[in-house]
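**Student:** Provided below are the primary sequence and the corresponding predicted coordinates.
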Amino acid sequence: MYYRKIIIIILFCIIQGCSNNHTTFHEDIKPIIHRNCAICHNPKGAGPFDLIIYQDVYKRGQMIKEVITKKYMPPWPADPNYRSFLNQKNLTDNEIKKIVAWIDDGKTEGIANNNNIIDSILVKKNESQPDLIIKMKNAQIITDDNQDKFLMMKFPFELESDTFIKTINFVPNNKQFVHHINAHLITYNNNQNKNIFKGDYIVDTELFSDEECFEILDLRNNDGSYPTLTPSVSNYLPGSEQINYPEGIGGLEANKKNIILVNDFHYGPSSSLETDSSYFEIYFSQEAPKRKIQETQLGTFGISDIVPPLIIKANQVKKFRTKATITKDISLLTINPHMHLLGKSFLAYAITLQNDTIPLIKIDNWNFRWQYFYTFEKMLKIPAGSEIIVDATYDNTPNNPDNPFYPPKTISERIGFNGRGSMRTSDEMLQFIINYLPYKQGDENISLNTQ
């Protein structure tokens with residue numbers, strides 16, 4: 001009997017030890033999934049399904065195994081060893097091995113605990129209700145002709161009094177087909193008696209010039225002059241997250257009568273009739289904006305030429321450069337590299353007057369489907385006299401699986417009759433968009449993390 005008890009105790013210890021060493025979802029896998037996947041895969045995120053609770057991950061185990069071993073997910077094109085950013089999503093080799101082993105071993109759930117990294121983010125999103133929601137006048141019909149759609153839209157709204165705005169957040173309704181938007185805020189002087197609800201609400205920008213679009217949307221003041229426009233108050237790209245800077249950075253001043261003007265509303269091609277009811281969330285502020293964000297861009301429609309001109313001949317892999325000199329000290333907040341389907345690699349850096357190199361971003365394997373607004377962990381000072389340089393490579397050969405033409409044909413920037421550059425994915429662009437502040441002493445020590 002004595003020996004029997006000893007054996008039972010030994011067996012219990014062995015089993016308990018195995019249990020303690022066994023990988024479980026709640027103890028080992030959930031923190032990795034929440035940190036790298038659930039940021040997008042949540043009810044308000046860009047992902048098409050949730051990856052939050054055990055059941056979410058369990059039923060998609062084999063798919064998760066495939067996409068992480070191929071390193072297709074999580075999508076984070078920027079090289080983390082060149083420059084790190086906020087909300088970076090990268091699985092280490094050890095994390096990939098741990099998830100794969102957990103899936104292969106039967107996806108043990110384990111005991112629920114409180115290590116929910118995503119919880120604070122979801123609670124913050126759900127508790128932070130917008131002060132105002134601005135919807136489309138009517139749902140937009142997406143036609144079934146397999147063609148890109150490029151529209152200009154207005155979202156008019158009236159307020160009881162002049163107001164400070166902290167954030168304007170775009171919420172895509174049909175995530176499958178809303179490709180990107182660039183939105184501006186138009187404010188009207190109250191004594192103009194402007195009826196902001198007159199005119200059309202949507203116009204096809206490929207049929208009309210900008211000026212004609214403005215006339216159709218009836219955006220001018222009563223006397224025919226143009227109202228005040230604040231550019232790039234809200235932007236969206238697939239997978240991108242709303243950028244919320246610390247208090248005192250950014251913000252807008254709105255009047256009683258305002259219009260959110262979406263200068264570029266791009267719907268991807270569809271083979272079936274679809275609808276979209278995307279909208280804007282507006283969050284008010286009690287204080288006037290202390291430091292207004294400024295924006296510039298290099299390359300296509302920017303402050304710098306592309307050398308040589310952006311023309312990529314068939315069966316050619318070609319490099320291009322665009323660069324600009326910074327004339328005053330600035331503090332970088334967020335950057336956005338942009339190319340289309342022929343993009344292969346993207347490198348941006350600054351060279352100071354002392355010949356020091358400031359790394360900005362490096363993307364070795366360009367992916368048109370994932371184009372983020374990359375926000376620095378802290379403000380990044382670029383001294384006056386520095387030169388920002390962008391080197392980009394394009395692949396117009398049959399070896400590029402994203403090449404829109406087979407056999408390949410010459411592709412370049414294209415200026416339409418309306419004076420606007422083509423944003424069609426089958427044409428090309430090279431842009432580097434920069435959001436910044438005029439530099440103040442100590443900016444480089446200010447964290448941009450608001451979580």
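**Tutor:** Cool, got the structure.

**Student:** contacts and neighbour counts: CA atoms only from here.
**Tutor:** Will do.

**Student:** tell me the secondary structure for the residue nearest the centre of the chain?
**Tutor:** The residue lying closest to the centre of the chain (CA atoms, centre = their mean) is residue 240, at 2.5 Å. The three-state label given to residue 240 by DSSP: H, G, I helix; E, B strand; the rest coil is coil.

**Student:** now do it against residue 213, distance only.
**Tutor:** Distance, residue 240 to residue 213, using CA to CA, to the nearest Å: 28 Å.

**Student:** then residue 446?
**Tutor:** Counting by CA to CA, the separation of residue 446 from residue 213 is 41 Å.

**Student:** likewise residue 413?
**Tutor:** Using CA to CA, we find residue 413 at a distance of 22 Å from residue 213.

**Student:** who has more neighbours out of those two?
**Tutor:** More crowded of residue 413 and residue 213, by other CA atoms under 10 Å: residue 213, with 22 against 19.

**Student:** any idea how far the helix or strand harbouring residue 57 is from the middle of the chain?
**Tutor:** Applying DSSP states H and E as the criterion places residue 57 in helix 54-58. Put simply, helix 54-58 sits 26 Å off its chain's centre (CA atoms, centre = their mean, to the nearest Å).

**Student:** please identify the buried residues of that helix?
**Tutor:** By neighbour count on 16 or more other CA atoms under 10 Å, the buried set for helix 54-58 is 54, 57, 58.

**Student:** next, the buried residues of the helix or strand that it is followed by.
**Tutor:** Where DSSP H and E defines the elements, the next helix or strand beyond helix 54-58 is helix 61-69. Buried residues in helix 61-69, counting neighbours by 16+ other CA under 10 Å, are found at 61, 64, 65, 68.

**Student:** so where is the stretch 351-451 of the chain shaky, pLDDT-wise?
**Tutor:** When residues are selected by pLDDT under 70, those of the stretch 351-451 of the chain lie in 414-423.

**Student:** strands of that one, start to end?
**Tutor:** For the stretch 351-451 of the chain, the strands defined by DSSP state E, counting those that start in this stretch cover 357-363, 374-382, 387-396, 411-412, 431-438.

**Student:** who does residue 265 form a beta bridge with?
**Tutor:** Taking DSSP bridges as the rule, residue 265 bridges to residue 151, residue 181.

**Student:** that one is in contact with residue 182, isn't it?
**Tutor:** Yes. Assessed by CA atoms under 8 Å, residue 265 is found in contact with residue 182 at 6.9 Å.

**Student:** what's the burial count for residue 401?
**Tutor:** For residue 401, the count of nearby residues is 12 (other CA under 10 Å).

**Student:** contacting residues around it?
**Tutor:** By CA atoms under 8 Å, 6 or more residues apart in numbering, residue 401 lies in contact with nothing.

**Student:** which stretches of the stretch 51-200 of the chain have low pLDDT?
**Tutor:** The model of the stretch 51-200 of the chain has pLDDT under 70 over residues 114-128.

**Student:** contacting residues for residue 237?
**Tutor:** For residue 237, the contacting residues are 179, 180, 181, 370, 371, 372, by CA under 8 Å, 6+ apart.

**Student:** got these as TSV, with distance to residue 305 and neighbour count columns?
**Tutor:** Shown next, in TSV, are the contacts of residue 237 (distance: CA to CA, whole Å; neighbours: other CA atoms under 10 Å):
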residue	distance to residue 305	neighbour count
179	27	20
180	24	19
181	24	21
370	25	15
371	22	23
372	23	21
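
**Student:** redo those residues as CSV? Include distance to residue 250.
**Tutor:** Below are these laid out as CSV (distance: CA to CA, whole Å):
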residue, distance to residue 250
179, 25
180, 22
181, 19
370, 25
371, 22
372, 19
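
**Student:** closest one of those residues to residue 203?
**Tutor:** Nearest to residue 203 among the contacts of residue 237, counting by CA to CA, is residue 181 at 14.4 Å.

**Student:** ok, back up a step: I'd guessed the residue nearest to the centre of the chain sits against residue 375; true?
**Tutor:** No. Residue 240 is beyond contact range of residue 375, at 11.0 Å (criterion: CA under 8 Å).

**Student:** would you agree residue 308 is in contact with residue 321?
**Tutor:** Yes. Using CA under 8 Å, residue 308 is in contact with residue 321, at 7.3 Å.

**Student:** who's more crowded, the two?
**Tutor:** Neighbours per residue, other CA under 10 Å: of residue 308 and residue 321, the larger number sits with residue 321, 21 against 11.

**Student:** and the host helix or strand of that one, what's buried?
**Tutor:** Element membership for residue 321 (DSSP H and E) is strand 316-325. By neighbour count on 16+ other CA under 10 Å, the buried set for strand 316-325 is 317, 318, 319, 320, 321, 322, 323, 324, 325.
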